[in-house]
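> Curious how this folds, go ahead:
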Amino acid sequence: MHSWLQLATRFPLHFVCCSPDGYEPDAKTVNMLENSGISSFELSQEPRSAVKDTDVIYTDVWASMGQKEEAEARGRHLRAFQVNEELTKQTGKETFFMHCLPAERGREVTDEVMEANYSIVFDQAENRMHAQNAIMVYLQSLTKFVRGPFFKYSIRNIDIYFII
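Below you'll find the predicted structure:
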């Protein structure tokens, strides 16, 4: 979610974050978006109204790496926010579904939505692979390859800064 908010500081979009109380994005990131003057931001706790007229519904796992001990509690809080056929019909138009994968089918998203013709999650995953390959090629152009004692080549002196 925070990556999307950062993206919205560069490209105009209307961003609706729908989550239960206590799962909102951090205020610093929201302020950064609002101060950019490029995109609009809306916070909702009602999934049905949040998806109305939307072009894309994007969700993620309810408990990421490092949060697995919270999975049960998060599941209770987020159950009403599951992306399912009933919710996608509330958009009122053709809408794409996206997920960064891996998905926990039956939790944050149903099988029907994952496999629907409006789901672009697998295209999204393929695009990510190509983007990651491009980053690796770019990083290789920045590195100095030297012979090492145990490996044919070793890489040194890499400083990477991501500025969004």
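> Any stretches of the chain with poor pLDDT?
143-164 (pLDDT under 70).
> who's in contact with the closest residue to Val83 other than its chain neighbours?
The shortest distance from Val83 to any non-neighbouring residue, by Cβ to Cβ, 6 or more residues apart in numbering, is to Val109 (4.5 Å). C-beta: built from backbone N, CA, C; applies to glycine. By Cβ atoms under 8 Å, 6 or more residues apart in numbering, the contact list for Val109 reads 59, 82-84, 97, 99, 103.
> for Gly75, same thing?
Taking Cβ under 8 Å, 6+ apart, we find Gly75 in contact with 62-63, 107.
> sorry, back to before: show me the beta-bridge partners of the residue nearest to Val83.
Going by DSSP bridges, Val109 is paired in beta bridges with Val83, Arg105.
> Check the spacing between Thr88 and Ala116 real quick.
For Thr88, the distance to Ala116 equals 8 Å [Cβ to Cβ, to the nearest Å].
> before we move on, the earlier item: export the contacts of Gly75 as a markdown table, with columns for distance to Phe11 and secondary structure.
Output for the contacts of Gly75, formatted as a markdown table (distance: Cβ to Cβ, whole Å; DSSP: H, G, I helix; E, B strand; the rest coil):
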| residue | distance to Phe11 | secondary structure |
| --- | --- | --- |
| Trp62 | 27 | coil |
| Ala63 | 29 | coil |
| Arg107 | 30 | coil |
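> Could I get the full set of strands for this structure?
14-18, 40-44, 56-59, 96-99, 144-146, 154-156 (DSSP state E).
> any idea which of those is most buried?
strand 96-99 (a mean of 20; mean count of other Cβ atoms under 10 Å).
> can you list contacts of that strand?
Taking Cβ under 8 Å, 6+ apart as the rule, strand 96-99 contacts 55-60, 83, 88, 108-109, 113-114, 116, 118-121, 124.
> let's see 10 Å
Residues from elsewhere that reach strand 96-99 (Cβ atoms under 10 Å, 6 or more residues apart in numbering): 54-61, 83, 87-88, 91, 105, 108-109, 113-114, 116-125.
> With distance to Lys28 as extra columns, can I get the strands of the chain in CSV?
Below are these laid out as CSV (distance: least, Cβ to Cβ, whole Å):
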stretch, distance to Lys28
strand 14-18, 14
strand 40-44, 13
strand 56-59, 21
strand 96-99, 25
strand 144-146, 36
strand 154-156, 34
